[in-house]
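>>> Sequence first, predicted coordinates after that:
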Amino acid sequence: MIEPGTPAPDFSLPDHQGRRVSLAELCDRKLMLVIYPLDFSPVCTDQLSIYQEVLPEVEERGARLVGLSVDSSWAHRAFREQLGITIPLLSDFEPKGEVIRSYGAYLDGVGHGNRSLVLIDGDRIVRWVHESPTPLEIPGANLIFDALEATR
């Protein structure tokens, strides 16, 4: 997993609308990058639903929350609609997992990212990371708030 203090690997990925979004565009404030395995899996559904509930509080603390997985933009769009979430979702579909690999969170044996959180500041430096011990373990929203508080 990428280490705090490291420059965040740059990227330009399609979002849930197919529009390319770059790291530079997202880092106008703190960015919590939420790397998760797959849309529509039960655990990912729970995770993104929880994060949607706390999204206003995250934004009040001056941070942006963005999801990242190996799913396509089309899958992201349907996933957002089904869950009723507004969190932007980025597609690391092709080449599969390239950006997730650059953050050290790709699981080769299963072909998707591990459940991880990466806090990046406005200077595009990684300030905090959390990697779940297993893709089945959801990082609680409290971790997001603790990281934002610790990096104030």
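Structure received. No experiment lies behind these values; they were computed from the predicted model shown. Numbering: from 1, shown residues only.
>>> What segments of this protein are strands?
12-14, 20-22, 30-35, 63-69, 89-91, 106-107, 112-113, 116-120, 126-131 (DSSP state E).
>>> other SSEs contacting the fifth one?
Applying 3 or more C-beta pairs under 8 Å, 6 or more residues apart in numbering; DSSP states H and E, we find strand 89-91 packed against strand 12-14, strand 63-69, helix 73-83. Using the backbone N, CA and C atoms, a C-beta is placed for each residue, glycine as well.
>>> now with 6 Å?
Strand 89-91 sits against strand 12-14, helix 73-83, with contacts defined as 3 or more C-beta pairs under 6 Å, 6 or more residues apart in numbering; DSSP states H and E.
>>> rewinding a little: would you turn the strands of the chain into TSV with mean neighbour count?
Formatted as TSV, the strands of the chain follow (neighbours: other C-beta atoms under 10 Å):
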stretch	mean neighbour count
strand 12-14	17
strand 20-22	13
strand 30-35	24
strand 63-69	22
strand 89-91	25
strand 106-107	18
strand 112-113	24
strand 116-120	24
strand 126-131	19
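>>> about what we covered before: could the helices and strands packed on strand 89-91 go into a markdown table alongside distance to Glu137 and mean pLDDT?
Formatted as a markdown table, the helices and strands packed on strand 89-91 follow (distance: least, C-beta to C-beta, whole Å; pLDDT from 0 to 100):
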| stretch | distance to Glu137 | mean pLDDT |
| --- | --- | --- |
| strand 12-14 | 25 | 98 |
| helix 73-83 | 20 | 98 |
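>>> Format the ones you listed as CSV; extra columns: distance to Asp108.
What follows is the helices and strands packed on strand 89-91, written out as CSV (distance: least, C-beta to C-beta, whole Å):
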stretch, distance to Asp108
strand 12-14, 20
helix 73-83, 21
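>>> For Arg61, which of those is the nearest?
When the helices and strands packed on strand 89-91 are compared by C-beta to C-beta, helix 73-83 sits nearest Arg61, at 22.6 Å.
>>> Now that closest one - C-alpha only, PDB.
Backbone C-alpha positions of helix 73-83 (Å, rounded to 0.1, in the frame of the first residue of the first chain) are rendered in PDB as follows:
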ATOM      1  CA  SER A  73     -18.600   3.700 -16.100                       C
ATOM      2  CA  TRP A  74     -21.900   2.000 -17.100                       C
ATOM      3  CA  ALA A  75     -21.800  -0.300 -14.100                       C
ATOM      4  CA  HIS A  76     -21.000   2.700 -11.800                       C
ATOM      5  CA  ARG A  77     -24.000   4.700 -13.200                       C
ATOM      6  CA  ALA A  78     -26.400   1.800 -12.600                       C
ATOM      7  CA  PHE A  79     -24.900   1.200  -9.100                       C
ATOM      8  CA  ARG A  80     -25.300   4.900  -8.100                       C
ATOM      9  CA  GLU A  81     -28.900   4.900  -9.400                       C
ATOM     10  CA  GLN A  82     -29.800   1.700  -7.600                       C
ATOM     11  CA  LEU A  83     -28.300   2.900  -4.300                       C
END
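>>> Sweet, I'm off.
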